[in-house]
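Engineer: Prediction below, plus the sequence it came from.
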Amino acid sequence: MSLSSYVAQPLAPSFSLDPIDFPALLARASAGVVYRDSVPLPAGADAAARLAIILPLWCEAVYHAPFQRHAINPALDLWPEGLNQCQPLPVRSLHDVKRGGLFLLLRLAGGGHLALLPLTGPAAMAWLRGDGAGLSLEVSHFGSEPLTAGLPLLAYAADADPYAACQRVWEVALAHPAMAGVGRLRRTKPASPVFNYIGWCSFEEYKLAIDEPSMVAALRGLAASPVPVRWALIDDGHVDDGELGTIETQEGTAPAAGADPATRRIRRAGTHPVRFPQGWMPLLETLRGSRLSWLGIWMNFNGYWGGVDPRGDWPADIRAALVHLDERTALSGADPAALERFWEHLLTPAAAGIHFLKVDNQAGNLKLYAGRVPNAVAASAAAKQALERVVRRHFGGQLINCMAHNGVGAFHTPVSAVTRCSEDYKCGDAWRAKHHLHNSFGNMLWLAPTVWGDHDMFHSSDPVAAGAMARSKALSGGPIYLSDSPGQFRPELIMPLCFADGRLLRPLAPAQPLPDSIFEDPYESGCAYRAGAPLPHGGAAIGCYNLAHPDRPVVGQIDPADLVSVRHMLGRGEAVTGAVVALDVRAGRAWRLSAREWFTLSAGEDALFVLSPVQHGWALLGAPDKYLAPAFVAEFTPELGRCCLAVPEPGRVWLWSATPVASAELPVRALGESLWEIEFTPGCLQGALHHDCRATRGAV
């Protein structure tokens, strides 16, 4: 990893418009959209209009853009293709920040925060960059013909609370008339029944070496495993790209020798005729009668990594609409009707029996269109909207967006509610694990208003980061899916994520960095990186991570004020007026947290805490063997002297009470230090407890 400062690229051919003056804008309104009635956009894949940005005085900034310092490969500059490489970078200056800025959050010198969100509508995409003199906004359609149009360019929102500023900036952006139909807020999208359960994905274990026998065997292994996996995702390797099936290797099957996958093109709809000659039916038959309830498949947004082969087996109307990149390479069309017809044709063979999709390489689509169609942003946005409509029609909106880190991918999600928030997970790679954790949480600062974050798959048998991955996935609120062979599953790391039937214990909102970590560089600061998520019954989960590079110990903290910060993620700013109780999930220790406490994390170490407010003398800590312990409890009704509890399955629940506790229905055991354990059995999953003021402390 290079720690050298990024040197700004020379500006592409462009011209300047009047600057955006935020001191003047904020004097009139705390939030809004910068709209220009007439923006002339030049032709060309590298041409853009530019607007200087005049900012109010600020003291801290975090800048979200792909391929920045600390990236897996900071030398890359693939804009407008962001891959999964957007990352939050705290910066002291905005003069030389990398192009492709998708979001900026400032802590203002006079107090409060300012969020800036460049907009991508139906016709143009805007982004931030440093130009040597300061921050600027660039906007382009990447098209082959000039365009002059009225355009929404930039949304802004100021608020005392950083999470409120991030939420508000999306609200004003999507409410603007010029953005009608582009996207929707996460809270307005229905929950996915599939992603409420733990799943499995083929890729990290098998890569491209998949075929019908290997995947049928894997599904049988999942069905027989004591770990209650409920869905499986068949990832890359099933597309008919014209290559010859698979060959046997010492590690199993592998793609036959041939072209680099990056140049391979899809030749027809349906599965590969050699690797999956019977389509998905054998896999769906394997699911029948088993615990596995859902099967999903991976698709590439551009057909395949190298696009569409125009010489393939395509209906006449699809063939006629193809956008040709060269004699052997094409894209699926450029107008909405043709794009929707392409996705209908591609997914019809899968629509019968398949329950959800993961669609990859979305941000790369715009780069392929650039300079080849009159308006590349319009074509890419239309393709994304067409996919969303087809997914709603055939899969109930259940879609994981992947490699979608540019404006088209971020904004055009009117149906889908899950987007990858980091680069790929890689088993056994300590540096990538740090990068993955930082980006997964940090990107949710700006993505959480519209989607849940997909933290990618993980190996429960990862020798480097299995525990940290499991605990961070619990915090995420997004899909949680394993990737190791079923025979290598580690139930002691997996079962704390879910109930016995595989249903996940979930937070109420996606985990985001806590205020002290938003503007901090965790690789260099010597402080733990901290993320939090709100939990049912008023609690919060706090994850702390040592991401220092090179490896060294870091200082972490846990504070009663963290509970207030996490409540702000729900838009609730009420103070915590009573006491707060903490549970160290890994140590199994609970105590009253009266002030900030410090601790040290060694290299690669993480910690997970649950904070719970004391309500009428009761604090719910939850199931001590689950990562999100309070989420195990279905009902918690605290009153003065009494509380009612209900759980969905047998298990132990911890409560804190300074007054002795008794119950006529449930076994209660004193653990000391005002901690009480309640045992729920198959015959009794609910009951009431009361404060026994006559009992001596520690007695029941």
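Structural biologist: Perfect, thanks for sending it.
Engineer: Counting residues, which strand of the protein comes out longest?
Structural biologist: As assigned by DSSP state E, the longest strand anywhere in the chain is strand 147-159.
Engineer: What is the burial count for the closest residue to residue 648 other than its chain neighbours?
Structural biologist: Residue nearest to residue 648 in three dimensions, not counting chain neighbours: residue 634, with 5.4 Å by Cβ to Cβ, 6 or more residues apart in numbering. (Glycine included, C-beta is placed from N, CA and C.) A count of nearby residues for residue 634, using other Cβ atoms under 10 Å, gives 14.
Engineer: name the element residue 687 belongs to?
Structural biologist: Secondary structure assigned from DSSP states H and E places residue 687 in strand 686-691.
Engineer: CA atoms only: put that strand into CSV for me.
Structural biologist: Provided in CSV are the C-alpha atoms of strand 686-691 (Å, rounded to 0.1, in the frame of the first residue of the first chain):
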residue,chain,number,x,y,z
GLN,A,686,-43.0,-15.5,27.8
GLY,A,687,-43.6,-14.3,31.3
ALA,A,688,-43.5,-11.4,33.7
LEU,A,689,-40.9,-10.5,36.3
HIS,A,690,-41.2,-8.2,39.3
HIS,A,691,-39.0,-6.4,41.7
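Engineer: Can you name every helix or strand that that strand contacts?
Structural biologist: strand 642-646, strand 661-662, strand 675-680 (3 or more Cβ pairs under 8 Å, 6 or more residues apart in numbering; DSSP states H and E).
Engineer: Residue 208 and residue 427, how far apart?
Structural biologist: Per Cβ to Cβ, to the nearest Å, residue 208 is found 16 Å from residue 427.
Engineer: And residue 410, by the same measure?
Structural biologist: To residue 427, residue 410 is 28 Å away according to Cβ to Cβ.
Engineer: So the two - more neighbours on which side?
Structural biologist: residue 410 (29 against 20).
Engineer: these two touch, right, residue 679 and residue 667?
Structural biologist: Yes: with contact defined as Cβ atoms under 8 Å, residue 679 counts as touching residue 667 (4.3 Å).
Engineer: Could you list the single helix or strand in this structure with the lowest mean pLDDT?
Structural biologist: strand 246-249 (a mean of 46; mean pLDDT, DSSP states H and E).
Engineer: Of all the residues in stretch 501-519, which ones are buried?
Structural biologist: By neighbour count on 16 or more other Cβ atoms under 10 Å, the buried set for stretch 501-519 is 502-519.
Engineer: Can you tell me the SS state at residue 693?
Structural biologist: The three-state label given to residue 693 by DSSP: H, G, I helix; E, B strand; the rest coil is coil.
Engineer: ok, and the closest non-adjacent residue to it?
Structural biologist: Counting by Cβ to Cβ, 6+ apart, the residue nearest residue 693 is residue 659, at 6.2 Å.
Engineer: Could you do residue 641 as well?
Structural biologist: Residue nearest to residue 641 in three dimensions, not counting chain neighbours: residue 691, with 4.8 Å by Cβ to Cβ, 6+ apart.
Engineer: re the thing from before, drop everything from the buried residues of stretch 501-519 that is not in strands and list the rest.
Structural biologist: Members of these lying in strands (criterion: DSSP E): 512-513.
Engineer: Let me know whether the residue nearest to residue 693 touches residue 690 as I believe.
Structural biologist: No: contact between residue 659 and residue 690 fails when scored by Cβ under 8 Å: they sit 9.5 Å apart.
Engineer: ok, the longest strand of the chain: who's next to it in the sheet?
Structural biologist: strand 31-41 (antiparallel), strand 113-118 (antiparallel) (DSSP bridges).
Engineer: I'd like the next helix or strand past the last one.
Structural biologist: Looking back up the chat, that one is strand 113-118. Following strand 113-118 in sequence, per DSSP H and E, is strand 125-130.
Engineer: Same question for the longest one.
Structural biologist: Reading on from strand 31-41 to the C-terminus, the next helix or strand found by DSSP H and E is strand 48-54.
Engineer: Same question for that following strand: list its buried residues.
Structural biologist: So for strand 48-54, counting by 16+ other Cβ under 10 Å, buried means 48-53.
Engineer: do stretch 634-645 as well
Structural biologist: Buried residues in stretch 634-645 (16+ other Cβ under 10 Å): 636, 638, 643, 645.
Engineer: Taking these, tell me the two that lie furthest apart.
Structural biologist: Greatest spacing in the buried residues of stretch 634-645, by Cβ to Cβ: 638 and 645 (9.6 Å).
Engineer: if we can go back for a sec, and the longest strand of the chain, how far from the chain's centre?
Structural biologist: Taking Cα atoms, centre = their mean, to the nearest Å, one finds the center of strand 147-159 at 25 Å from the center of the full chain.
Engineer: And stretch 153-169, by the same measure?
Structural biologist: Worked out by Cα atoms, centre = their mean, stretch 153-169 lies 20 Å from the chain centre.
Engineer: pLDDT of it, averaged?
Structural biologist: Across stretch 153-169, the average pLDDT comes to 98.
Engineer: Surely residue 463 and residue 429 touch.
Structural biologist: No: using Cβ under 8 Å, residue 463 makes no contact with residue 429, being 10.7 Å away.
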